[in-house]
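Asks: A structural model of the following input is requested.
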Amino acid sequence: MKQTGTSRTSIGLGQILAVVFALVFPTFFTWLYFVRTDGHPAVQQVVFFVGKTIQFGFPIAWLLLAERGRVRWKGPTRVGLAWGLASGLLIGGATLGLYFGWMRSSEQILTVAAVVRAKVVGIGLTSPAAFIAMSLFYSLLHSLLEEYYWRWFVFGRLRRMMPLGGAIVISSLGFMAHHVILVFHYFSWPWAIVASAAVAIGGALWAWRYERDSSLWGVWISHLLVDAAIFTIGYQMAFAVSGH
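Replies: Numbering: from 1, shown residues only. Got it, this is the predicted structure:
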């Protein structure tokens, strides 16, 4: 996916403010719906819908209305698809292997599982079918939207403003920041730090690959496979551990 209509030389204050907003808003929104409205499912669902609409609508709205640019999709490449499949299977497989082979019975994970079950019930996902439906939405669609948001828009705009290394670091830290709120809800130190760092590394890896391909296909496949592994673990915590 590429955008046209703005060159590196035309970067101004508006572009900078747009990127700053895009970096900060997901963290504020995650705190609002995940922490501030916790225990109020109806309000939480409304906040979630409105926040996600703003987040994922903003990049396209900015491009079309502020820059008067246009968007075109770049098709997948064999190398990009192969990389996405291989990296997703490797990272996702390692995550599953680490959990089921070592962490599953640890005291920390048993504590986390209890928190996960409470959270799942709190947002109304009381059946395995409902949890699986949510997992499919996040793994297939939400992962694509996150790649469009963080790699195409945030990283892509930062790349216009600075060298590759700086764009990767800043975009990946922004990608990590809103996940930190989620991670620290479930994990205690030092597990939360390790998990947060893993998110940042994943974001950096996907940004690096996007720089090489200028296409979302490979990074999306990698992202969705990693998400699928994470939700598999979440399902095990929420239902298998509790005996459902």
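
Asks: mind listing what the residue most central in space within the chain touches?
Replies: Nearest to the mean C-alpha position of the chain, counting by CA atoms, centre = their mean, stands residue 146 at 5.2 Å. Residue 146 is in contact with 175, 223, counting by CB atoms under 8 Å, 6 or more residues apart in numbering. Placement of C-beta: from N, CA and C, glycine included.

Asks: the chain: helices as residue ranges?
Replies: Taking DSSP state H as the test, the helices found in the chain are 13-31, 41-61, 78-98, 107-122, 128-136, 143-146, 156-161, 164-186, 191-213, 217-235.

Asks: could you dump these to CSV with mean pLDDT and distance to residue 68?
Replies: Listed next are the helices of the chain as CSV, based on pLDDT from 0 to 100; distance: least, CB to CB, whole Å:
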stretch, mean pLDDT, distance to residue 68
helix 13-31, 95, 12
helix 41-61, 93, 12
helix 78-98, 96, 29
helix 107-122, 80, 43
helix 128-136, 92, 36
helix 143-146, 97, 23
helix 156-161, 94, 16
helix 164-186, 94, 24
helix 191-213, 94, 24
helix 217-235, 96, 27
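
Asks: these into CSV, with extra columns for distance to residue 69?
Replies: Converted to CSV, the helices of the chain look like this (distance: least, CB to CB, whole Å):
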stretch, distance to residue 69
helix 13-31, 12
helix 41-61, 10
helix 78-98, 23
helix 107-122, 40
helix 128-136, 33
helix 143-146, 19
helix 156-161, 12
helix 164-186, 19
helix 191-213, 18
helix 217-235, 21
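
Asks: of the ones you listed, which is nearest residue 70?
Replies: Residue 70 sits nearest to helix 41-61 of all the helices of the chain, at 10.5 Å, using CB to CB.

Asks: elements contacting that closest one?
Replies: helix 13-31 (3 or more CB pairs under 8 Å, 6 or more residues apart in numbering; DSSP states H and E).

Asks: what sits against the closest residue to residue 166 other than its chain neighbours?
Replies: Nearest non-adjacent residue to residue 166, counting by CB to CB, 6 or more residues apart in numbering: residue 158, 7.1 Å away. Counting by CB under 8 Å, 6+ apart, residue 158 touches 19, 166-167, 170-171.

Asks: from the residues you listed, which two are the most distant?
Replies: Among the contacts of residue 158, 19 and 166 lie farthest apart (CB to CB), at 12.2 Å.

Asks: between these two, which has more neighbouring residues?
Replies: residue 19 (23 against 12; other CB atoms under 10 Å).

Asks: ok, so what distance separates the closest residue in space to the more buried one that isn't next to it in sequence from residue 185?
Replies: Distances taken as CB to CB, 6+ apart place residue 157 nearest to residue 19, at 4.8 Å, with adjacent residues excluded. Distance of residue 157 to residue 185, computed by CB to CB, to the nearest Å: 30 Å.

Asks: so these two - more neighbours on which side?
Replies: Neighbours per residue, other CB under 10 Å: of residue 157 and residue 185, the larger number sits with residue 157, 23 against 16.

Asks: contacting residues for the more buried one?
Replies: 15, 18-19, 22.
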